[in-house]
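**Student:** kindly generate the corresponding structure for this input.
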Amino acid sequence: MKFSPRMGRMMSDRRARQIVGIAGVLALVSIAQPAFADGTAIESGLSTIKQWMTTVASVVGVIAVMAVGYAKLTGRMDWGRAVTVLIGIGIIFSAATIVGWMGGGTA
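**Tutor:** Residues are numbered from 1 along each chain as shown. Below is the predicted model:
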């Protein structure tokens, strides 16, 4: 199969909005847990969201690395875009540390 510029789009805008909506609903449902005794309900809810997003980011990160590897293997991706994806994954997983540096505290 020959690759054409028309095939470059992975999903429609409507599908992307559906996925974001489902992710938002899942995040809200995960907040609706009983409050833990060691913090306020907001803190425990936000902690739950952080843990959930880290779990999802791990899976998405693995898939992204696999996709970059496959694209490099078949010659469909240049090094600049591959490095950009890998830097993005690094920023996602070090977000808590970066925020701790900015706030002057520990994450």
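**Student:** which elements pack onto the least confident helix or strand in the chain by mean pLDDT?
**Tutor:** The weakest-scoring helix or strand in the chain, judged by mean pLDDT, DSSP states H and E, is helix 13-31 (a mean of 79). Helix 13-31 is packed against helix 41-74, with contacts defined by 3 or more Cβ pairs under 8 Å, 6 or more residues apart in numbering; DSSP states H and E. Where C-beta positions appear, they are placed from N, C-alpha and C, glycine not excepted.
**Student:** and the helix it packs on, what other elements does it pack with?
**Tutor:** With contacts taken as 3+ Cβ pairs under 8 Å, 6+ apart, helix 41-74 sits against helix 13-31, helix 79-93.
**Student:** relative to helix 13-31, how tilted is that helix?
**Tutor:** Between the axes of helix 41-74 and helix 13-31, defined by axes from the mean of the first three to the mean of the last three Cα atoms, to 10 degrees, the angle is 140 degrees.
**Student:** neighbours of the closest residue to residue 88 other than its chain neighbours, how many?
**Tutor:** Nearest residue to residue 88, sequence neighbours excluded (Cβ to Cβ, 6 or more residues apart in numbering): residue 64, at 8.0 Å. Residue 64 has 16 neighbours, counted by other Cβ atoms under 10 Å.
**Student:** having no further points to raise, I will conclude here.
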